[in-house]
Each structure stands twice: as structure tokens, then as C-alpha cells.
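Asker: With the input below, show me the fold.
(2 chains)
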Amino acid sequence: MATIIIPTPLRKFTNNTARVSINASNVKGVVDELTLNFPDLKKHLLDEQGNIRSFVNVFVGDEDIRNLQQDHTPVKEETVISIVPAIAGGIA
Amino acid sequence: MQINTAKSLKEFYSMLVIEQKPLDEMYQDALQSFPDECCGFFFGKELEDERIVTNVLVVNNSKEGDKRRRFEISPKDYLNAERFADENELQLLGVYHSHPNHPAIPSEHDRVAAQPYFSYIIISVKENEIADIRSWQLNDNFQFEEEKIENPFIINQNK
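Answerer: Alright, predicted model coming up:
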């Protein structure tokens, strides 16, 4: 099963679990399964169209899935997926 | 859902206690980065009613463009911060950044990009001078609420 690492700010929606193991063939399958198990995560990960939100980065290993095959990026047994919140802001 | 009356009547959402060393490090970063915005992470312990800030990780403002009005932290630096928390058995409590020549109040841009759970410390900085420090946290309606900051050496002149 692939491992998905939950960032600190979203752990309050996963009962404080930092790592979740999920059986799926690609990133979309992993995210679908994750939000099925933890429904409160959904509005923080996905937009209204069900796509990964623009303020959320998903990494497979060290690579942003935007540079791979987006949410069709395949995952294997030993794949580590990280959800990385975009941190930004400023005066204007 | 249980409603905690005592908490809902409190003036502030929650409380942040910042130890002197991390406070000095954030102030120094804000002053040195001026007129650009600085940014970084802070860590510590989470207790029932308060968060204790014990460590700071200064991070490069990776915004391409106007760093005087915007900041951005790269995914690599974010992952480093999570790793730092893990390795040192600390809790990643939030993000700080500065508002050069502007008040320590979050902008709409700050709000839209904000994560749940994190405390957002904003330092208002003028040339050679820290003007104010305030902290904010998103509530369940995605709006910022202010957290009280407890530290005897904090500059509080704007309140």
C-alpha cells in the first residue's frame, strides 16, 4: 500500500494521524480513498469540481504531481505521497 | 456539538506564549529583511489552552516578484519544517511573516492562503523598528480570529 503523509494543519481532520496507508493505483485513487475515510478533509483538499485545490501541492516522492501526470500519476506499493500546503500571504 | 460558553466569551480565540529567543529571532528577521517581507515557521508545545513557542525556523521568502508586499514559502522548505518538528519532537505551530510599513492585521490574501490549525504571527515593521506583533488563527468559517500573545517583552504600543 502507498503511504500518504498528512501535513500538521490537516491532522485535526484525520484524528491526528500523520501517515495513512492506502491501496490505489494512482494519486486520484489515493485522494478519493483518503477523503472517503476522513470526510472533513475534503473541503481542504478538493475544490467544488473535485480537483485538488490550488493552495494544495501533492508530491510523489520529491516531485510535484504538476510536473508528473497530475492526479493520474501512478503510485506503487512503496510510494510516499506528501500533501504540502502552499504557504503564502502578504500585505496585498 | 458541545458549546464551551467560557471559551466563546473569551476576548481572544486562544493564547500564544512566545519565549524570548524565538521572539528575538523573528524580530531580527523582520528588521533584516526590511523593506521586504520575511517569513518562517515556529514550533513548540501545544497545551490545552495555549501554545508555547520555543523554536523558530527562518525561511527564505521565495516569492518571485514584489517581496515588499508578498511572501511565499517553497514546498521544499515546508517539508523541511515538518521534518524539523518530527526530529525534535516539536509541534509545528504556525507561520510568521512581516508587514513592512503596514499594520499587523491579515490581508485578504493572507486569509485566502491560510491553513486551518496554524497560528499566523504577523510582525509590523518600520525601518529599524518593530511596531507591533499579533497572531491570528482561522476559525471553522475560514475567518481569522485574533490570538492573545503573552510575553513580557512584547511591543504593544498599537493596542
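
Asker: who touches stretch B:44-60?
Answerer: By Cβ atoms under 8 Å, 6 or more residues apart in numbering or on different chains, the residues outside stretch B:44-60 that reach it are B:14-19, B:21-23, B:25-26, B:29, B:38-43, B:73-74, B:77, B:80-81, B:84, B:88, B:90-91, B:93, B:96, B:119, B:150. C-beta coordinates here come from the backbone N, C-alpha and C atoms, glycine included.

Asker: That one: end-to-end distance?
Answerer: Terminal residues of stretch B:44-60 lie 21 Å apart, using Cα to Cα, to the nearest Å.

Asker: before we move on, the earlier item: apply the buried test to the contacts of stretch B:44-60 and list what passes.
Answerer: Among the contacts of stretch B:44-60, those buried by neighbour count (16 or more other Cβ atoms under 10 Å in any protein chain shown) are B:14-18, B:22-23, B:25-26, B:29, B:38-43, B:73-74, B:77, B:81, B:90-91, B:93, B:96, B:119.

Asker: Can you give the distance from the helix or strand of chain A at the bottom of the mean pLDDT ranking to the centre of its chain?
Answerer: When the helices and strands of chain A are compared on mean pLDDT, DSSP states H and E, helix A:42-45 comes out lowest with a mean of 92. Distance of helix A:42-45 from the chain centroid (Cα atoms, centre = their mean, to the nearest Å) equals 9 Å.

Asker: Stretch B:63-82 now?
Answerer: The answer for stretch B:63-82 is 14 Å, by Cα atoms, centre = their mean.

Asker: for the record, mean pLDDT for it?
Answerer: Here stretch B:63-82 scores 95 as its mean pLDDT.

Asker: And stretch A:59-71, by the same measure?
Answerer: Here the average pLDDT along stretch A:59-71 is 94.

Asker: What of stretch B:137-154?
Answerer: Across stretch B:137-154, pLDDT averages out at 87.

Asker: And the contacts of it?
Answerer: Under Cβ under 8 Å, 6+ apart, the answer for stretch B:137-154 is B:11-20, B:23, B:50, B:94, B:106, B:110-111, B:114-121, B:133-136.

Asker: Among those, name the ones in strands.
Answerer: B:15-18, B:50, B:94, B:119-121, B:133-136 (DSSP state E).

Asker: rewinding a little: near chain A, which of the buried ones among the contacts of stretch B:44-60 show up?
Answerer: Applying Cβ under 8 Å from any Cβ of the partner chain to the buried ones among the contacts of stretch B:44-60, one finds that B:39, B:73, B:91 fall near chain A.

Asker: Spatially nearest residue to B:Cys38 (excluding sequence neighbours)?
Answerer: B:Asp29 (4.3 Å; Cβ to Cβ, 6 or more residues apart in numbering or on different chains).

Asker: C-terminal to the helix or strand harbouring the one you found, what's the next element?
Answerer: Using DSSP states H and E, the element containing B:Asp29 is helix B:20-33. Using DSSP H and E, the helix or strand that directly follows helix B:20-33 along the chain is strand B:39-46.

Asker: partners of that following strand in the sheet?
Answerer: strand B:50-59 (antiparallel), strand B:91-100 (antiparallel) (DSSP bridges).

Asker: Brilliant, that's me finished.
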